[in-house]
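> Below is the sequence, then the predicted model.
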Amino acid sequence: MNEKPYGILAEFDSPAAILRAAEKVRDAGYSRWDVFTPFPIHGMDKVMGLKNSLVGWVSLFMGAGAFLSVVGLIWFCNAFDYPLIVGGKPMFSVPMTFVPSYIMMILGSAVGALIGMLAFNELPRFHHPLFNSERFALISRDKFALLIGSTDPKFSETETRKLLESLGGAHIEIIKD
Amino acid sequence: MAESTINLESLAPPTELRRAPVVENNRGLGVLTDKLAAFAEGKIPCWWWMLFIPSAFCATVVLPLALIYKISIGVGVWGNNHPVMWGLDIVSFIWWVGVAHAGTLISALLFLTRQHWRTTIGRATEAMTVFSVMMAGLYPAIHVGRAWFDWFMFPVPTYEGMWPQFRSPLMWDVFAVNTYLMVSMLFWFMGMIPDLAVLRDRATTRPRKFIFSLLAMGWTGSARHWHHYEKAYVVLCGLCTLLVFTVSSIVGLDFCTAQIAGWHATIFPLYFVIGAVFCGFGMVLVLLIPLRKWCGLENVITMSHMDKVAKLTLVSGLIIAYIYAMEFFIAWYSNDPYERWVFGHRLFGHTYWFLGWTLIVVNVGVTQLLWFKKIRANLTALFVIGLLINIGMFTERFVIVVGSLYQDFLPSSWGKYIPTRWDVALYIGTLGAFFMMYLLFVKFLPLIAISEVKGAMPQGNPHHPLGGAKGARP
């Protein structure tokens, strides 16, 4: 088990402290790091340079796909495969397809949003190296953690540790992979 | 320390503009987490069993009995007969769909309008939505008579080559209710993932840890996770808001495309949406007032939140009152003898006149009590008003469905509708199933959106002195 560690984890006490620490870590030139918080921290996306999430696009495409497929389905069912005259109306028209297609668009987009969220987050996963840390369970309570990954080009067990110490991180811990 | 106190005071708006805190008796994030998770982790209290056993009896004995009897004998066991082909089953269907709507409105629409107070009651009302849509979906499925042909409603390719007829609003209903059920379940579950992770991290026994680990799906609370999660949440909120306005409108279309006097009105989609929301707020009051007390959540679901729910109830009640007035006005103004007959008989007919008056007295009259601050601050009064609204809205649907059907255009075909014991048994069964599932949710899942509440607290704001900000910025 003398493999490379997964990273170094440091713990902070408040959202402002973790935000400041994140700014410093970014300014120190690290690129492969992450913060772990019990709730989303306002402004963290900007500090970490996260671009607009693509989940919205997944949802849009799934929604549009569902809409168009249901329009196609209705055309196939009621105008092509088994044309049925109801009340002397045209076999196929926009108003008759709109409501079911619109409803299925909502379903498609919603499924897209959930699947997109899970896919981009690489969930579900049943294990994560961080779960080896005893203190990590406190992250969902009231602690805020910053992890610098060992894959970072600037990573060094001593230097990174010093940086995290200087930022006021507590319970600094090397996470095994 | 002195500096930060001064900052806090100077930053705060004048007293009359200050918002009530989301959580009272705020002692920090850790204590709050303990408190919010406590009920799901503690021993099962006595009141829970006292409510659970009768509900479980209704759900597991009365409901299956009513279903099996109805399915094996036929729709004839109900009171439905010519000319009243839609009876208590459709009334209950609309009522259950209605109950669902307030949950979606609170959790989705109030999220989009950035109302922080919704974080505390959002989860509990979403659960109400999910379970009541389940109950609603049951009714049309067995109302069709031969429940084993329910799959005819879906476009399944068969050797007969027959397809559903997509021009019918009844067909749209199938899509609307199923979508509503699935989307509200997705929304409910996705919102719960971070809180399931909280319960996972706090679990003390192995089975508990195992179950919540599976449910939380490896959530770590990484900023990247939150980033995608928040986006997905906003998208789902937008979609759920659309559903608030769509599902009941489509149920309304079932009625207004029919030629029956009393149904054939363009106001129906809106009427049903507002009626649904109004009825749902009544149910929110009925569910939350006992829950906040019994689960020890008085500081989280505060009086100020109950006050806001009561105000929203009042607003939807006023719109309902306006729609009632409009319906009567249009019936008179249309000069259509059948319309006039139906609406006159709602209040002055022979069989169901007292139901017409009940709905006016309850939905229009009793709701006006919510204008008074004293009433809104009195939980017993709010509970009773919530209960009355639910009864009033059930009556309203009865008046719309049965009151319009029992005397149609030909006096020779007039009839009456009296629900049989199987109608009532089915309704009681669904009530039991709803409360059974709700009680299981209350006890075993995170009842309050823990992470959302924490994010809405001053301690969760990195720009607030309590969140650790130095030299607080405005």
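Yep, that arrived. Just so we're clear, the structure is a prediction, and the values are computed from it rather than from any experiment.
> All the helices of chain A, residue numbers only.
Secondary structure of chain A (DSSP state H): helices at A:15-27, A:44-48, A:55-74, A:94-120, A:157-166.
> and the second one, what does it pack onto?
If I follow you right, that is helix A:44-48. Helices and strands touching helix A:44-48, by 3 or more C-beta pairs under 8 Å, 6 or more residues apart in numbering or on different chains; DSSP states H and E, are helix A:15-27, strand A:33-36, helix B:223-256. Bear in mind the C-beta positions are built from the backbone N, C-alpha and C, glycine included.
> Just want the most central residue of chain A.
Chain A has residue A:121 as the residue nearest its centroid, 4.2 Å off, counting by C-alpha atoms, centre = their mean.
> now chain B
Taking C-alpha atoms, centre = their mean, chain B has its central residue at residue B:100, 2.6 Å away.
> ok, how many other residues are close to residue A:78?
Residue A:78 has 23 neighbours, counted by other C-beta atoms under 10 Å in any protein chain shown.
> pLDDT score assigned to it?
Model confidence at residue A:78, given as pLDDT, is 89.
> Now the residue nearest to the centre of chain A: closest residue in space that isn't a chain neighbour?
Leaving out its chain neighbours, the residue that sits closest to residue A:121 by C-beta to C-beta, 6 or more residues apart in numbering or on different chains is residue B:225, at 4.8 Å.
> Check the gap between the one you found and residue A:38 for me.
Distance of residue B:225 to residue A:38, computed by C-beta to C-beta, to the nearest Å: 12 Å.
> Spatially nearest residue to residue A:123 (excluding sequence neighbours)?
The shortest distance from residue A:123 to any non-neighbouring residue, by C-beta to C-beta, 6+ apart, is to residue B:217 (4.8 Å).
> who's in contact with the one you found?
Residue B:217 is in contact with A:118, A:123-125, B:193, counting by C-beta atoms under 8 Å, 6 or more residues apart in numbering or on different chains.
> Also residue B:83?
Neighbours of residue B:83 in contact, by C-beta under 8 Å, 6+ apart: B:405-406, B:408, B:413-415.
> Then residue B:432?
Residues in contact with residue B:432, defined by C-beta under 8 Å, 6+ apart, are B:54-59, B:62-63.
> Ok, residue B:387 next?
When contacts are counted by C-beta under 8 Å, 6+ apart, residue B:387 touches B:282, B:286.
> what about it, distance to residue B:426?
Computed with C-beta to C-beta, the distance linking residue B:387 and residue B:426 is 21 Å.
> now swap in residue B:296 and tell me
35 Å.
> Of the two, which one has the most company?
More crowded of residue B:296 and residue B:426, by other C-beta under 10 Å: residue B:426, with 26 against 14.
> Average pLDDT for the helix or strand containing the more buried one, rounded please.
Assessed by DSSP states H and E, residue B:426 sits inside helix B:421-444. Helix B:421-444 carries an average pLDDT of 96.
> And the helices in the stretch 201-350 of chain B?
With DSSP state H, counting those that start in this stretch as the criterion, the stretch 201-350 of chain B has helices at B:206-216, B:223-256, B:268-294, B:303-334, B:337-348.
> can you list the ones you listed in JSON lines and add mean neighbour count and mean pLDDT?
Shown next, in JSON lines, are these (neighbours: other C-beta atoms under 10 Å in any protein chain shown; pLDDT from 0 to 100):
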{"stretch": "helix B:206-216", "mean neighbour count": "15", "mean pLDDT": "93"}
{"stretch": "helix B:223-256", "mean neighbour count": "23", "mean pLDDT": "92"}
{"stretch": "helix B:268-294", "mean neighbour count": "23", "mean pLDDT": "94"}
{"stretch": "helix B:303-334", "mean neighbour count": "18", "mean pLDDT": "94"}
{"stretch": "helix B:337-348", "mean neighbour count": "18", "mean pLDDT": "91"}
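> can you redo the ones you listed as a markdown table with distance to residue B:180?
Formatted as a markdown table, the helices of the stretch 201-350 of chain B follow (distance: least, C-beta to C-beta, whole Å):
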| stretch | distance to residue B:180 |
| --- | --- |
| helix B:206-216 | 23 |
| helix B:223-256 | 5 |
| helix B:268-294 | 11 |
| helix B:303-334 | 19 |
| helix B:337-348 | 29 |
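> do you know how far the residue in chain A sticking out farthest from the centre is from residue B:353?
Going by C-alpha atoms, centre = their mean, the residue of chain A most distant from its centre is residue A:88, 50.6 Å out. Distance, residue A:88 to residue B:353, by C-beta to C-beta: 40 Å.
> cool, and residue A:9?
Separation of residue A:9 from residue B:353 (C-beta to C-beta): 72 Å.
> cool, residue B:403 as well?
10 Å.
> More neighbours: which of these two?
Neighbours per residue, other C-beta under 10 Å: of residue B:403 and residue B:353, the larger number sits with residue B:403, 26 against 15.
> For that one, list the residues it contacts.
So residue B:403 contacts B:262, B:342, B:345-346, B:349, B:352, B:355-356 (C-beta under 8 Å, 6+ apart).
> thinking again about what came up before, now the contacts of residue B:83: which count as buried?
The neighbour count (16 or more other C-beta atoms under 10 Å in any protein chain shown) marks B:405-406, B:408 as buried among those.
> Burial check on residue B:375, number of neighbours?
Using other C-beta under 10 Å, residue B:375 is surrounded by 14 other residues.
> That one belongs to a helix?
Yes. Per DSSP: H, G, I helix; E, B strand; the rest coil, residue B:375 lies within a helix segment.
> hang on, it packs against residue B:382?
Yes. At 7.3 Å, residue B:375 and residue B:382 qualify as touching, with contact defined as C-beta atoms under 8 Å.
> Mutual contacts of these two, please.
Residues touching both residue B:375 and residue B:382 (C-beta under 8 Å, 6+ apart) are residue B:310.
> Quick check: nearest residue in space to the residue in the stretch 251-400 of chain B positioned nearest to chain A, chain neighbours excluded?
With C-beta to the nearest C-beta, the shortest gap between the stretch 251-400 of chain B and chain A falls at residue B:253, namely 8.0 Å. In this structure, residue B:253 finds its nearest non-sequential neighbour in residue B:169, 4.0 Å apart by C-beta to C-beta, 6+ apart.
> in terms of contact, does that neighbour touch residue B:257 like I think?
Yes. In this structure, residue B:169 is within contact of residue B:257 by C-beta under 8 Å, at 5.4 Å.
> neighbour count winner among these two?
Between residue B:169 and residue B:257, counting by other C-beta under 10 Å, residue B:169 is the more crowded of the two (18 against 14).
> what's near enough to touch the more buried one?
By C-beta under 8 Å, 6+ apart, residue B:169 lies in contact with A:99, B:250, B:253-254, B:257.
> again, only this time at 10 Å
Shown in contact with residue B:169 (C-beta atoms under 10 Å, 6 or more residues apart in numbering or on different chains): A:99, B:176, B:249-258.
> out of the residues you listed, who's nearest residue B:163?
Residue B:163 lies nearest to residue A:99 out of the contacts of residue B:169, by C-beta to C-beta, at 16.5 Å.
> how many other residues sit next to that closest one?
Look at residue A:99: counted by other C-beta under 10 Å, it has 22 neighbours.
> For chain B, which residue gets nearest to chain A?
Chain A sits closest to residue B:468 of chain B, with a gap of 2.8 Å, by C-beta to the nearest C-beta.
> Relative to residue B:343, how far out is the residue in chain A positioned nearest to chain B?
At 2.8 Å from chain B, residue A:14 is the closest residue in chain A, using C-beta to the nearest C-beta. As for residue A:14, its distance to residue B:343 is 63 Å (criterion: C-beta to C-beta).
> Check residue B:434 too.
Distance, residue B:434 to residue B:343, by C-beta to C-beta: 33 Å.
> And residue B:306, by the same measure?
36 Å.
> swap in residue A:76?
From residue A:76 across to residue B:343, the span is 43 Å (C-beta to C-beta).
> And for residue B:463?
According to C-beta to C-beta, residue B:463 and residue B:343 sit 57 Å apart.
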